[in-house]
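S.K.: structural data only, the sequence is not supplied:
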């Protein structure tokens, strides 16, 4: 492990696009990362990877700001600070589980800097809850058109230097229950060891959306587990039955000590949803 | 010595109302007005220094070229070992650590060169231009590798830096007579101090060939000697001012940035500031020794402990610093000094490796050993079918018993008082509740002992200076450094008590090597030195002031504002006394730290005791541990400043929680597996539990040494108390710290398959 080489942060050339389209073009042309809150980016760059030669600042792009309630979903600009979201009472009321997840990200100082788009771009703490909420993302790449994708699809094939412009979170339908738990080392301000989120619906049909993320664990939907619940609405899971399913969904954790914890948390969330 | 009926009382503002005052530095710190060593940015001509550190844990240096760095605009000096005018080595016990490496680097972080430049960025850029050729060498990544046959020696004497043996009786024969014997393998982590202010300060040349260091440190006088030797300067040309610092805990006991900053300042003729960022502090800074302990303990059928054997291996990293002293203290604590055990054998090995340098850290080896010892007693009690407290009560020492090496010790009270008070703790009520969904609760306790002073006959002395200034101020100077532990509050309160003055009459001067040498600000010795100094100064001070006041002043005594009548009325102010004096008094004292009556002191004479009771909750789903409540019963002598006493006990306990549940700097093949606080997590305020501290202030033996240093006491018994509480909650006993949720969950599942 070496101390960072020069050039250091002061040698990074920051470009200031005047629109989201221009930002996407510049990022693609220069193979440059985006700068939003940069709370996670700075940490990564200050370690072995070194600072980028160029970075695209999104700070002046008002079109990427704002959190508003549409008819059936919340539309949140990618540049919206997490602290703005935690203080949005309507959002907290309608999506309390997301609110809880937001409060678990870093500490207040971090949340004043960090953005929702940045959290997605760095596969952060919020990914599992966003995944089970069937979140959609608007994004553009280079000079191409605006796309809209399910977050889970975007994750599986994240386009290089794509710019997320807006995050759309559908309102959970009636009867849908959301749960999220982050296992971390201490009570506050820490990265997750494991993050399990779930969305359960039992009527009129059983549907489970399940997701995981955590330390060294790329966030994803737990498709094998979801399939098991949709195949058998009467399934009464146990830790033992969930373990092989989780091993399929999280192969890098197979035979690792976090897998039983994931099974316990999923089981706990299932139990709570049945009450 | 007769038994005593001291009883603990809870420490709070209600029963200490007259002494529950803010610290003298509370306002400036709370308002952000306190200036720290790394805030010294306004020096005219200030240059910024950076140190080049090794990227390899073990390598031969085959060449170093600084030409390109020297030519970078904005760079004023680049120095290497070739530029060291004096001794290129430092170290408190053995001077084995090079200021700048010459032929070999021994750990990732070893220093090779330093740069002074106009800005920190230019200095950093200059570092990247220094070319060093290395030939990598085999890495000794742990003590076993370092002690293996054929392991390359890291130092001329080999890789076993030191070993210890403490023995009495015949353990092998005694084990044969035991009805119950338990064994355990324990491990404790490589913990970091994580002081809020990392290592740093400024070296300022005085344009007469001398230097003043304005730095964060723990022993300005001792550092001055080392710096003079390194820089080849007369002692009177080197001055170290230990400014009020943002945390020490032992991590600033050894030299840090001072040699490099001093050399650059001499070379450039300008002030040079060096401030480690957190990453550099993580890599280059001192750590707590990680220790592997293997123990065997046995008792007869009634529970009398007959034999105790323990072997400890300490990874001291690349250089010695205070490692040998840590080994000695660990060995003492590993011999179970609180208990009467007729047959004991403790051995220890202090091993050089290519890992991070380990040295002084609050607890100083004692708390690692206490973790193993108290855990062994819990296991032995379980094996013998005895209550853990019952086993302890049967075997506890009395205050009259000699120490583990037959030495005389001054105990604060009968340890049974603490054990009884711990058993009476309200934390035991509803000890094992079960939240049906998630959380299992449990309570556990442990006992600990701590000593004050450097111990073991090491040269240990201190002094003070008391002076009436021309303006009528009482100037009281000690060599101690205030690094958050509250020595300034202690000195202020003690001065008022012994000298009779008001706080406003005082100017307290700390940490200046041109002043009195009070010895290092470590080993929980400062309060004892302060009391002894003021005891000696008090009659001299009174006599000197009465002398100034002239005849008929015999009935006057130093009081608030000046000499006062017996009823407390002010008669002659200090300002007037200063004007009256033909020669204003300058009083100095210097004396040895109390080491007791033994011809050859062993261990530490002045002792303190603690019992810690812990209530925890364990998540049955994840294995996470929450510490809900802590209750400490302390016999630490007289409480000088109640808020500081609480702060020290509670803060040390949370630091111990960190060691037990969270903290470790893992290394593999000499590489750090983390390098900053994003991955090295310490407890936050959200983790700090509700704590209660009870005190037994009275000391057996009266007033001989009424005050003890309590800076390390709170960390002593926390780890075993938490482990006992976790076992009480879950049935699982763990031996390796920190406790990881995954490990605990696995252990719980093995208990209840």
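M.R.: Structure's in. What do you need? Computed from a predicted model, the values in this text were never measured in an experiment.

S.K.: where does pLDDT dip in chain A?
M.R.: A:1-10, A:48-49 (pLDDT under 70).

S.K.: show me where it has its helices.
M.R.: Along chain A, counting by DSSP state H, helices occupy A:20-30, A:39-44, A:82-86, A:89-94, A:96-103, A:108-113, A:116-121, A:127-132, A:151-156, A:223-231, A:239-249, A:258-274.

S.K.: with the stretch 551-700 of chain B instead?
M.R.: Per DSSP state H, counting those that start in this stretch, the stretch 551-700 of chain B carries helices over the ranges B:574-580, B:642-661.

S.K.: let's have these in CSV, adding mean neighbour count.
M.R.: To be clear about C-beta, it is placed using only N, CA and C from the backbone, and glycine gets the same treatment. Converted to CSV, those look like this (neighbours: other Cβ atoms under 10 Å in any protein chain shown):
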stretch, mean neighbour count
helix B:574-580, 18
helix B:642-661, 24
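
S.K.: just the helices of chain A: most buried one?
M.R.: helix A:127-132 (a mean of 27; mean count of other Cβ atoms under 10 Å in any protein chain shown).

S.K.: flag the shaky bits of the stretch 1-150 of chain B, pLDDT-wise.
M.R.: In the stretch 1-150 of chain B, residues with pLDDT under 70: B:1-5.

S.K.: closest to residue B:639 out of the helices of chain A?
M.R.: Residue B:639 lies closest to helix A:108-113 among the helices of chain A, at 35.8 Å (Cβ to Cβ).

S.K.: does that closest one come close to chain B?
M.R.: No - applying Cβ under 8 Å from any Cβ of the partner chain, one finds helix A:108-113 out of contact with chain B, separated by at least 10.9 Å.

S.K.: and stretch A:242-261, by the same measure?
M.R.: Yes - part of stretch A:242-261 sits near chain B under the criterion Cβ under 8 Å from any Cβ, namely A:257, A:258, A:260, A:261.

S.K.: first vs last residue of that stretch, how far apart are they?
M.R.: 11 Å (Cα to Cα, to the nearest Å).

S.K.: residues making contact with that stretch?
M.R.: For stretch A:242-261, the surrounding residues in contact (Cβ atoms under 8 Å, 6 or more residues apart in numbering or on different chains) are A:183, A:193-194, A:212, A:214, A:216-217, A:220, A:222-225, A:228, A:239, A:262-263, A:266-267, B:621-623, B:741-743, B:745-746, B:749.

S.K.: let's see that with 6 Å instead.
M.R.: Residues outside stretch A:242-261 that contact it (Cβ atoms under 6 Å, 6 or more residues apart in numbering or on different chains) are A:194, A:222, A:224, A:225, A:228, A:262, A:263, A:266, B:622, B:742.

S.K.: any idea which of the residues you listed is closest to residue B:329?
M.R.: Taking the contacts of stretch A:242-261 together and measuring to residue B:329 by Cβ to Cβ, the closest member is residue B:742, at 32.6 Å.

S.K.: who touches residue B:246 in this structure?
M.R.: B:36, B:195, B:196, B:197.

S.K.: show me which of those is closest to chain A.
M.R.: Among the contacts of residue B:246, residue B:196 lies closest to chain A (Cβ to the nearest Cβ), at 15.2 Å.

S.K.: what strand or helix carries the closest one?
M.R.: Under DSSP states H and E, no helix or strand contains residue B:196.

S.K.: you'd agree it is up against residue B:245?
M.R.: No - applying Cβ atoms under 6 Å as the test, residue B:196 and residue B:245 come out as separate, 9.5 Å apart.

S.K.: comparing those two, which shows the higher neighbour count?
M.R.: Neighbour tally, residue B:196 and residue B:245, criterion other Cβ atoms under 10 Å in any protein chain shown: the higher count belongs to residue B:245, 27 against 9.

S.K.: my guess is the more buried one is in a strand, correct?
M.R.: No - assigned with DSSP: H, G, I helix; E, B strand; the rest coil, residue B:245 falls outside any strand and is coil.

S.K.: and the gap between it and residue B:97?
M.R.: Plainly put, residue B:245 is 21 Å away from residue B:97 if you go by Cβ to Cβ, to the nearest Å.

S.K.: and what of residue A:93?
M.R.: 60 Å.

S.K.: with residue B:413 instead?
M.R.: 42 Å.

S.K.: cool, residue B:244 as well?
M.R.: 27 Å.

S.K.: grab the most central residue of the chain for me.
M.R.: Because you didn't say which chain, this covers chain A. residue A:127 (2.2 Å; Cα atoms, centre = their mean).

S.K.: the chain in question should be chain B.
M.R.: Among the residues of chain B, the one closest to the centroid is residue B:362, at 2.9 Å (Cα atoms, centre = their mean).

S.K.: quick check: closest non-adjacent residue to that one.
M.R.: Spatial nearest neighbour of residue B:362, chain neighbours left out: residue B:249 (4.7 Å); criterion: Cβ to Cβ, 6 or more residues apart in numbering or on different chains.

S.K.: count the neighbours of the spatially closest residue to residue B:295 that is not a sequence neighbour for me.
M.R.: Computed as Cβ to Cβ, 6+ apart, the closest residue to residue B:295 that is not its neighbour in sequence is residue B:310, at 4.4 Å. Neighbour count for residue B:310, taken as other Cβ under 10 Å: 27.

S.K.: no further questions, thank you.
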